[in-house]
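Asker: sequence plus the predicted model coming up.
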Amino acid sequence: MPSHEPSSVEDDATLVGRALDGDQTAFACLLGRYSDRILLMATRILGDRADAEDVAQEVSVIAWRRLAELTQPAAVRTWLFRVTHRQCLHVLRVRRAHDRIDAVPDVATNNPASDPPRMAESVAAFHALSTALAQLPPPQQRTWLLAEVHGLPHMEIARLSGGTEQAARARLARARVRLAAEMRAWR
């Protein structure tokens, strides 16, 4: 059966079906529809363009290998964003593991040499926050990081986590309450 060029009007489900049949052009078209948004999302979460580009590349590899696992071909967009989110979280976990000591807040701009007690206090506060974050349940921790560190709105957090906007709001509220209690001494 001859392969035909995918048109911009073909829906995602059709392109997924053709890609599952081995049509690399259909897969490229499908990925092309979302590659800019995947890169933007990864850049927003990671804060680093090079890491975001690596994640986007990894997402395309995962998508090609695991496309057959997609149970609802029309939901490929959401699936790609979830894969992107998971890959970003993996990068953040690796960073945290490697940079725990180096992740001390950059207080050089606040002239730490002239104020060692303030530097020590900043380092201690950072470690207290890291410890408090580590004690949060993973869904609350991810929600807090996406909202507070990366500035994502509740709707986008809900889409990434596969829940509702209300659930994202509730997780964020619970995380804030727990962190406020843990960080009370640092106010």
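Answerer: Right, received. Where do you want to start? Residues are numbered from 1 along each chain as shown.
Asker: mind checking how far the most centrally placed residue in the chain is from F126?
Answerer: In the chain, the C-alpha nearest the mean C-alpha coordinate belongs to H85, at 3.7 Å (C-alpha atoms, centre = their mean). To F126, H85 is 25 Å away according to C-beta to C-beta, to the nearest Å. C-betas here are computed from N, CA, C, even on glycine.
Asker: do the same with R66
Answerer: According to C-beta to C-beta, R66 stands 37 Å off from F126.
Asker: between those two, which one's more packed in?
Answerer: F126 (15 against 11; other C-beta atoms under 10 Å).
Asker: give me phi/psi at that one?
Answerer: Backbone geometry at F126, expressed as degrees, to the nearest 10, gives phi -60, psi -40.
Asker: and it, how far from L133?
Answerer: Noted for F126: a distance of 11 Å to L133, by C-beta to C-beta.
Asker: now G163, what's its secondary structure?
Answerer: Of the three states, G163 takes coil under DSSP: H, G, I helix; E, B strand; the rest coil.
Asker: which strands and helices sit next to the helix or strand of the chain with the lowest mean pLDDT?
Answerer: The helix or strand of the chain with the lowest confidence, counting by mean pLDDT, DSSP states H and E, is helix 116-135 at a mean of 75. Counting contacts by 3 or more C-beta pairs under 8 Å, 6 or more residues apart in numbering; DSSP states H and E, helix 116-135 is packed against helix 138-144, helix 165-182.
Asker: let's have the ones you listed in TSV, adding mean neighbour count.
Answerer: Formatted as TSV, these follow (neighbours: other C-beta atoms under 10 Å):
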stretch	mean neighbour count
helix 138-144	19
helix 165-182	16
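Asker: so which of the ones you listed gets nearest R93?
Answerer: helix 138-144 (10.4 Å; C-beta to C-beta).
Asker: chain center to that closest one: distance?
Answerer: 11 Å (C-alpha atoms, centre = their mean, to the nearest Å).
Asker: can you list contacts of that helix?
Answerer: Outside helix 138-144, the residues that touch it by C-beta atoms under 8 Å, 6 or more residues apart in numbering are 89, 133-134, 136, 157, 161, 168, 171-172, 174-176, 178-179.
Asker: residues contacting S161?
Answerer: Contacts of S161 by C-beta under 8 Å, 6+ apart are H85, P139, R142, T143, A167, A168.
Asker: biggest separation within the residues you listed, which pair?
Answerer: Longest distance between any two of the contacts of S161 is 15.4 Å, between H85 and A167; criterion C-beta to C-beta.
Asker: after the helix or strand containing I38, next one along is what?
Answerer: Counting by DSSP states H and E, the element that carries I38 is helix 24-46. Using DSSP H and E, the next helix or strand after helix 24-46 towards the C-terminus is helix 49-66.
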